[in-house]
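**Q** Build me a model:
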Amino acid sequence: MPHPAWLSLALLTVPPSTTTVVVFDAQGAISPEEGSDLGGELEEVLADSGVFVSAADEDALRACPDDACRLKVARAVDAMKMVTVNVMRFGPSRCVLRAVLSDVGRGEPDAYAHSRTDCDLESIYRAVYAVAGKLQLAIDPGARPPSPVDEDDEREYPAIEHVPLVARGLEGRPRKRLTCSSADSCYDLGADLQNGKNGHQQDDVRAVDAFRYACREGHPAACTDLGYHIEMGRGAKVDLENAAAHYELGCSRGNQIGCANLAYMYENGRGVIMDWARAMRLYEVACTEGTARGCTSLGFMLENKNEKPANLARAAELYKQGCDGGNMIGCANYGYMAANGRGMTQDFAVAYDHHIMACDGEEGRGCTDVGFMYEKGQYVGLDLERAATYYVKACELDNAIGCANLGDLYEHGRGTAQDSKAARRAYQKSCDGGEKRGCEGLERLR
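**A** Got it, this is the predicted structure:
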């Protein structure tokens with residue numbers, strides 16, 4: 001496979017004193033002739049913004065097939081951060097600039113930003129400022145992003161704004177006969193078919209047909225549920241972009257679960273260009289309108305955006321709001337914040353209460369955290385048998401950390417009889433769930 005044509009590589013400071021490698025990749029979005037000009041334009045942008053330091057040898061990057069290789073190049077020049085800016089073409093004349101800021105030491109993303117724009121050089125020139133400003137604000141909310149144009153520049157630049165998604169397939173004919181005739185009755189039928197209730201057998205194909213009719217007739221929740229079936233491939237072909245479009249349709253009509261689902265798609269780049277800023281706005285809308293999951297998810301994004309005290313305090317408030325609204329992940333997360341004094345005063349009693357609440361609500365993370373408190377004697381007395389009981393439930397609920405902790409107790413006979421086979425089973429499930437300690441425990445017992 002041909003490697004991307006790296007157009008420009010520079011050293012930046014974002015924020016000042018943090019050396020950052022910046023890579024630009026056009027991915028065939030523009031012609032080679034324009035690409036050459038674009039490289040010069042981008043370096044001018046960096047210089048004009050006051051953050052350009054010096055050019056660096058880009059030959060090493062040309063042979064890189066992936067980000068792991070690029071990170072090695074960044075480490076070789078003692079960079080602390082790396083920004084990769086991809087220019088991608090969508091349609092005849094629309095392009096998207098997607099920027100990812102990564103921590104070179106950890107090799108993990110810190111922030112994301114994107115801008116949709118026309119594909120001419122002037123539009124891309126402006127979009128570079130947009131993504132640079134978004135990344136700076138993601139790192140430091142108090143930063144002043146670079147100006148997109150010189151004060152003496154009289155040129156007009158096209159606006160960069162969100163392009164609404166288009167839901168496809170709403171006009172399709174039912175594959176099976178429907179016994180409903182209105183938006184409300186078809187939505188109710190779809191819900192019954194989806195869940196196998198009220199005398200109906202579970203039938204995802206008929207549920208999709210019912211939701212499609214109800215959505216076409218203007219039912220907000222039907223659009224959201226139809227998007228879910230399309231996203232998950234239940235009774236419909238998996239199509240993430242179309243799923244996101246149906247979530248947007250449901251959200252625009254006032255269904256806040258649709259807003260929360262759409263936010264998740266933007267947060268994780270499922271069917272859409274990843275856009276954390278838009279995801280946070282959508283989660284906030286959902287939270288404000290009473291969707292508990294929106295509050296919890298917004299809190300998670302704030303907590304993990306950076307370690308600023310204001311963000312942590314707001315994240316703790318949002319977790320509590322999500323928990324109070326019945327979202328058990330919110331309860332578990334609030335308990336974690338209380339146990340560790342993140343964004344609030346450390347309070348093991350509050351932590352214990354919320355871990356128990358989450359566990360009783362079938363959230364495995366809560367069971368794991370209760371077990372940990374009994375294992376370590378935090379707030380409650382040291383009780384390894386009770387710790388094992390909670391780890392068993394956590395593992396049954398597919399919490400990988402809980403499985404690893406349970407494996408450790410079985411392996412060493414703590415709080416339960418020593419049982420290498422049971423330990424291997426717990427470690428295997430933990431490892432399958434992505435927990436490193438589970439894999440390490442499994443290796444020890446082989």
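**Q** any idea which element Leu71 lies in?
**A** Using DSSP states H and E, Leu71 falls within helix 67-76.
**Q** So which elements touch that helix?
**A** On a contact count with 3 or more Cβ pairs under 8 Å, 6 or more residues apart in numbering; DSSP states H and E, helix 67-76 meets strand 19-25, helix 59-62, strand 81-90. Placement of C-beta: from N, CA and C, glycine included.
**Q** looking at the chain, which helix or strand does the model trust least?
**A** strand 52-55 (a mean of 34; mean pLDDT, DSSP states H and E).
**Q** Let me know the helix or strand that Ile124 is in.
**A** helix 121-139.
**Q** what's downstream of that helix, the next helix or strand?
**A** helix 183-195.
**Q** Flag every buried residue along the helix holding Leu71.
**A** Using 16 or more other Cβ atoms under 10 Å as the test for burial, helix 67-76 gives 67, 70-71, 73-74.
**Q** ok so Tyr228 is a strand residue?
**A** No: going by DSSP: H, G, I helix; E, B strand; the rest coil, the assignment for Tyr228 is helix, not a strand.
**Q** how far away is it from Cys186?
**A** Distance of Tyr228 to Cys186, computed by Cβ to Cβ, to the nearest Å: 16 Å.
**Q** of these two, who's got more company?
**A** Cys186 (25 against 20; other Cβ atoms under 10 Å).
**Q** From Tyr336, how far off is the more buried one?
**A** 42 Å.
**Q** ok, then the element right after the helix or strand containing Ser430?
**A** Using DSSP H and E, Ser430 sits in helix 420-432. Remark: after helix 420-432, the chain's next helix or strand is helix 436-444, criterion DSSP H and E.
**Q** List the contacts of that next one.
**A** For helix 436-444, the surrounding residues in contact (Cβ atoms under 8 Å, 6 or more residues apart in numbering) are 400-401, 403-404, 407-408, 411, 423-424, 426-432.
**Q** angle of it against helix 420-432?
**A** 140 degrees (axes from the mean of the first three to the mean of the last three Cα atoms, to 10 degrees).
**Q** what about the closest residue in space to Glu108 that isn't next to it in sequence, is that helix, strand or coil?
**A** Once flanking residues are discounted, Glu108 sits nearest to Ser102: 6.5 Å by Cβ to Cβ, 6 or more residues apart in numbering. Under the three-state scheme (three-state DSSP), Ser102 adopts strand.
**Q** where does the stretch 251-400 of the chain have low pLDDT?
**A** Along the stretch 251-400 of the chain, the model assigns pLDDT under 70 to residues 305-308.
**Q** which ones are touching Arg424?
**A** Taking Cβ under 8 Å, 6+ apart, one finds 407, 442, 445 in contact with Arg424.
**Q** quick one: the second one and Gly407, what's the gap?
**A** Think Leu442. Leu442 is 8 Å from Gly407, by Cβ to Cβ.
**Q** before we move on, what about the last one?
**A** Applying Cβ to Cβ, the value for Leu445 to Gly407 is 9 Å.
**Q** If you count surrounding residues, which of these two has more?
**A** Neighbour count, other Cβ under 10 Å: between Leu445 and Gly407, Gly407 has more, with 32 against 14.
**Q** Once you drop chain neighbours, what's closest to that one?
**A** Setting aside the residues directly before and after it, Gly407 is nearest to Ala426 in space (Cβ to Cβ, 6+ apart), at 3.6 Å.
**Q** What score does that neighbour have for pLDDT?
**A** What the model reports for Ala426 is a pLDDT of 96.
**Q** Enumerate every residue touching Thr389.
**A** Contacts for Thr389 (Cβ under 8 Å, 6+ apart) come out as Gly371.
**Q** export the one helix or strand it maps to as CSV, just CAs?
**A** Using DSSP H and E, Thr389 sits in helix 384-396. This file holds the C-alpha atoms of helix 384-396, laid out as CSV (Å, rounded to 0.1, in the frame of the first residue of the first chain):
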residue,chain,number,x,y,z
LEU,A,384,-12.1,-10.8,52.3
GLU,A,385,-15.0,-13.2,52.1
ARG,A,386,-17.4,-10.3,51.4
ALA,A,387,-14.9,-8.8,49.0
ALA,A,388,-14.9,-12.1,47.1
THR,A,389,-18.7,-12.1,47.0
TYR,A,390,-18.8,-8.7,45.4
TYR,A,391,-16.0,-9.6,43.0
VAL,A,392,-18.0,-12.7,41.9
LYS,A,393,-21.0,-10.5,41.1
ALA,A,394,-18.8,-7.9,39.3
CYS,A,395,-17.3,-10.6,37.2
GLU,A,396,-20.7,-12.1,36.4
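**Q** quick one: buried residues of it?
**A** Applying 16+ other Cβ under 10 Å to helix 384-396 flags 384, 386-395 as buried.
**Q** can you check stretch 171-190 too?
**A** Result for stretch 171-190 [16+ other Cβ under 10 Å]: buried residues 178, 180, 183, 186-190.
**Q** first to last residue in it, what's the distance?
**A** The first residue of stretch 171-190 is 17 Å away from its last residue (Cα to Cα, to the nearest Å).
**Q** Report the mean confidence score over it.
**A** Mean pLDDT, stretch 171-190: 81.
**Q** neighbouring contacts of that stretch?
**A** 200, 203, 205-214, 216-219, 221-222, 225.
**Q** Just the helices from the stretch 201-350 of the chain, written as ranges.
**A** 204-216, 220-232, 240-252, 256-268, 276-288, 292-305, 309-324, 328-340, 348-360 (DSSP state H, counting those that start in this stretch).
**Q** need those helices in TSV with distance to Val380, can you?
**A** As requested, the helices of the stretch 201-350 of the chain are exported to TSV (distance: least, Cβ to Cβ, whole Å):
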stretch	distance to Val380
helix 204-216	44
helix 220-232	39
helix 240-252	42
helix 256-268	34
helix 276-288	32
helix 292-305	25
helix 309-324	20
helix 328-340	12
helix 348-360	7
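**Q** With respect to Ala79, which of these lies nearest?
**A** Closest to Ala79 of the helices of the stretch 201-350 of the chain is helix 292-305 (Cβ to Cβ; 21.6 Å).
**Q** Thanks again, I'm all set now.
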